[in-house]
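Participant: let's see this in three dimensions:
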Amino acid sequence: MQSVDRAITVLELLARNGESGITEIAGELGVHKSTASRLLSVLESHGLVEQLGERGKYAIGFGVVRLAGAATARMDLAKLGRRTCQAVAEELGETVNIAIADDGVAINISQARGAAAITTQNWTGQRTPLHATSSGKVLLAAMDDAERKRMLGHDELAPYTPRTTVDIDELESELERVAEDGYASCFEELELGMHAVAVPIRGTGGEVVAAMSASGPSYRLSKQRIRQIVRPMTEAAQELSAQLGYFEG
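Facilitator: Sure thing, here's the model as predicted:
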C-alpha cells in the first residue's frame, strides 16, 4: 500500500507542477533519491510518467491519459502538440497553448512558455470558457449551428471582465468573422491586461480538432502584433495538422 500511496503522490505532484526533478520528487516523498528513482522507473515503464530528455525532469506520461479513457487522436495531439507549442513559444516569446472542446468548455492539453512570458501559471488540464478565449472562439466557429447552440445555451453568457462578449448574437457575428479570417483574437475578455490570438488545428478529415493560442500582456501583444504573428502561428498549426494526417488540397 505504501508503494501505491507514493506512486499517487508522484502523479499528483507532476500534475500540479507540470514537471519535477528527482530531488524534488524524493523530497516530496520523504525518501532517498534511489528509492524515488526506482518508483519513477516503474511508473515510466507503464507510461504513467516520462522523462523529458536524458537525465531531465519528469512529467505526466500519456499512459495517464489512456487510463482516463482519452481517444488515441487526443493523445497524439497532446504529444505532437508539445513540440509545436515549444517551437512557437520560442519564436514568439509568449505563452502558447493547445486546447480542445470538451463538455462545453475548452481544455488546455499542452503549453509552453517563451522567454518573454510573464505568467508562470500552468494551464495544462485547465478548463476555460469557450466564448471568452481565443481558442474557444476558434472551436466554436468550427461547430455547426446545433452544436454551437448546445454549447452556449440560450441565455446571456457569463462575463469575466467588462470586455467579455455576453450577447449571443454579437458573438455569432464575431464567429462568422473568425471562420472567414482563419483566426480569433481576445482583448482582455478573460483577464484584464491579457490579449490572445488562436488558429485552428485540423484532423485527418479537415475538421477542426483543436486550437493553438498565443497569449501575452496587452502592452506587448497589441492588435498590430497579433496581425503579424497570425501567419507564423497558422503555418505551425498547418504543420501539426499534417502530422495528424490532414493535408490541404
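
Participant: buried residues, stretch 206-216. List them.
Facilitator: Using 16 or more other C-beta atoms under 10 Å as the test for burial, stretch 206-216 gives 208-216. Every residue, glycine included, has its C-beta placed from N, CA and C.

Participant: look at the closest residue to residue 210 other than its chain neighbours and tell me its secondary structure.
Facilitator: Using C-beta to C-beta, 6 or more residues apart in numbering and skipping residues adjacent in sequence, the residue nearest residue 210 is residue 201, 4.2 Å away. For residue 201, the assignment made with DSSP: H, G, I helix; E, B strand; the rest coil gives strand.

Participant: was I right about residue 201 contacting residue 213?
Facilitator: No - distance between residue 201 and residue 213: 10.7 Å, which falls outside the contact criterion (C-beta atoms under 8 Å).

Participant: which neighbours do those two share?
Facilitator: Taking C-beta atoms under 8 Å, 6 or more residues apart in numbering as the contact criterion, the common neighbours of residue 201 and residue 213 are residue 98.

Participant: hey, where'd the helices end up in the chain?
Facilitator: Counting by DSSP state H, the chain forms helices over residues 2-17, 22-29, 33-45, 62-67, 72-92, 134-141, 145-152, 168-181, 223-243, given from the N-terminal end onward.

Participant: where does pLDDT dip in this structure?
Facilitator: Low-confidence regions of the chain, defined by pLDDT under 70, span residues 1, 54, 65-75, 116-123, 154-155, 249.

Participant: can you count the residues close to residue 196?
Facilitator: The burial count assigned to residue 196 is 25, neighbours taken as other C-beta atoms under 10 Å.

Participant: that one contacts residue 133, correct?
Facilitator: Yes - contact status for residue 196 versus residue 133: in contact at 6.7 Å, counting by C-beta under 8 Å.

Participant: overlap in contacts of the two?
Facilitator: Taking C-beta under 8 Å, 6+ apart as the contact definition, residue 196 and residue 133 share the neighbouring residues 186, 190, 213.

Participant: from these, which ones fall inside strands?
Facilitator: By the criterion of DSSP state E, membership of those in strands covers 186, 213.

Participant: turn the shared contacts of residue 196 and residue 133 into JSON lines, columns for distance to residue 104.
Facilitator: As requested, these are exported to JSON lines (distance: C-beta to C-beta, whole Å):
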{"residue": "186", "distance to residue 104": "18"}
{"residue": "190", "distance to residue 104": "16"}
{"residue": "213", "distance to residue 104": "18"}
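
Participant: please work out how many residues are found near residue 125.
Facilitator: Applying the criterion other C-beta under 10 Å, we find 13 residues in the vicinity of residue 125.

Participant: which residues does it contact?
Facilitator: Residues in contact with residue 125, defined by C-beta under 8 Å, 6+ apart, are 15, 107-109.
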